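**Q** coords below, sequence missing:
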Ligand SMILES: CC(=O)N[C@H]1[C@@H](O[C@@H]2[C@H](O)[C@H](O)[C@@H](O)[C@H](O)[C@H]2O)O[C@H](CO)[C@@H](O)[C@@H]1O
Ligand SMILES: [Zn+2]
């Protein structure tokens, strides 16, 4: 059995591409520093729109299989080796955008029993024993049903994994020390969109998105943690490019299939929602966790 890494980070996401968009620099940085980074993706994105004309024949399970390959390629760019599909490949399908009839598909994540889905995640948590878990806020960042469910499943699994009375067949209890939600400080988003406005004429995108289109934007005061991933900007951009059916990158900007230009953030931000905050502005997700020699802890700066 290989030795367990001292620092173990788990991220729970809805579709292949979310991990690179929200946390690509963070994942690359911790992987480079020797932490174990485990990505749990809840669906294969079977109902996504496809950008490249040459791939638009892909849909359903075929698109899901293709996006799984995109995900593997993206993880190679980030140096992340541990990727799990919740309940196994295809167990929970993409639910489509909120309000569509797709949401009623009995096999989609939006229809999943949260406790049952959470138990699949408990098995991974008790195997990996992460000290830190990252997921979306209760609106899933932007209200997509799969993102909302991923949040619900992750937060439920954090509680179930720590309860020794829950599914002892899945291993001994494990309490995750710190849980974070993906965030972008409003001042950071606004400054990035101001730069985007100036740069737009040089970009292959016609229209800018708005701050409101960016998942997880909150007032600066709610942000507890700032992970400087600028050294991993190229890796994040390459990982996002690997998701070619979903993302077009023109650094330092990108667009989804809606062609709305938005910034690529390589400093990535978080809100600590479970665990002990280690200072005014943490600069390490593992800061303050007993027994873990962090490379740095906190700094007294605004986002
Ligand atoms: C980033 C993300 O969560 N993407 C989801 C999302 O995709 C969007 C959806 O197709 C929308 O209709 C487009 O306008 C937008 O550009 C897309 O990003 O929803 C998909 C369907 O559930 C999902 O597969 C994709 O990963
Ligand atoms: Zn998504």
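**A** The structure has been received and is ready for your questions. Please read all numbers here as calculations on a predicted model, not as lab measurements. Ligands and ions are numbered 1, 2, ... in the order given.
**Q** ok, now which ones touch the residue in the chain that ligand 1 sits nearest to?
**A** Across the chain, no residue is closer to ligand 1 than residue 48, which sits at 2.9 Å (C-beta to the nearest ligand atom). Where C-beta positions appear, they are placed from N, C-alpha and C, glycine not excepted. Contact partners of residue 48, counting by C-beta atoms under 8 Å, 6 or more residues apart in numbering, are 15, 63, 67, 94, 245-246, 257.
**Q** give me the phi and psi angles of residue 68.
**A** Dihedral pair for residue 68: phi -70, psi -40, per degrees, to the nearest 10.
**Q** scratch that, residue 151
**A** Dihedral pair for residue 151: phi -60, psi -50, per degrees, to the nearest 10.
**Q** how close does it sit to residue 62?
**A** According to C-beta to C-beta, to the nearest Å, residue 151 and residue 62 sit 28 Å apart.
**Q** rewinding a little: can you select the buried ones among the contacts of residue 48 for me in ChimeraX?
**A** This is how ChimeraX selects the buried members of the contacts of residue 48, with burial counted by 16 or more other C-beta atoms under 10 Å:
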select :15,63,67,94,245,246
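**Q** between all of the contacts of residue 48, which two are separated the most?
**A** 94 and 257 (13.7 Å; C-beta to C-beta).
**Q** ligand 1 contacts on the protein?
**A** With the criterion set to C-beta under 6 Å from any ligand atom, the chain comes near ligand 1 through 15, 17-18, 45, 47-49, 94, 96-97, 144, 246, 256-258.
**Q** out of these, who's near ligand 2?
**A** Judged by C-beta under 5 Å from the ion, the overlap between those and the neighbourhood of ligand 2 comprises 15, 18.
**Q** pick out the most distant pair among the residues of the chain next to ligand 1.
**A** For those, with distances taken as C-beta to C-beta, the pair at the greatest spread is 94 and 258 (16.6 Å).
**Q** show me where the stretch 1-150 of the chain has strands.
**A** 8-13, 36-41, 82-85, 132-135 (DSSP state E, counting those that start in this stretch).
**Q** so the first one, near ligand 2 or not?
**A** No: legend: contact between strand 8-13 and ligand 2 by C-beta under 5 Å from the ion is lacking; minimum distance shown is 6.9 Å.
**Q** strand partners (parallel or antiparallel) of that strand?
**A** When pairing is defined by DSSP bridges, strand 8-13 lines up against strand 36-41 (parallel), strand 132-135 (parallel).
**Q** can you point out the buried residues in it?
**A** For strand 8-13, burial by neighbour count (16+ other C-beta under 10 Å) applies to 8-13.
**Q** ok, now which ones touch the residue lying closest to residue 79 once chain neighbours are set aside?
**A** Nearest in space to residue 79, with sequence neighbours left out and distances taken as C-beta to C-beta, 6 or more residues apart in numbering, is residue 31 at 3.9 Å. If you count contacts by C-beta under 8 Å, 6+ apart, residue 31 has them with 37, 78-81.
**Q** what of residue 207?
**A** Under the criterion of C-beta under 8 Å, 6+ apart, the contact partners of residue 207 comprise 259-261.
**Q** list the beta-bridge partners for it.
**A** In this structure, residue 207 has beta-bridge partners residue 260, where bridges are defined by DSSP bridges.
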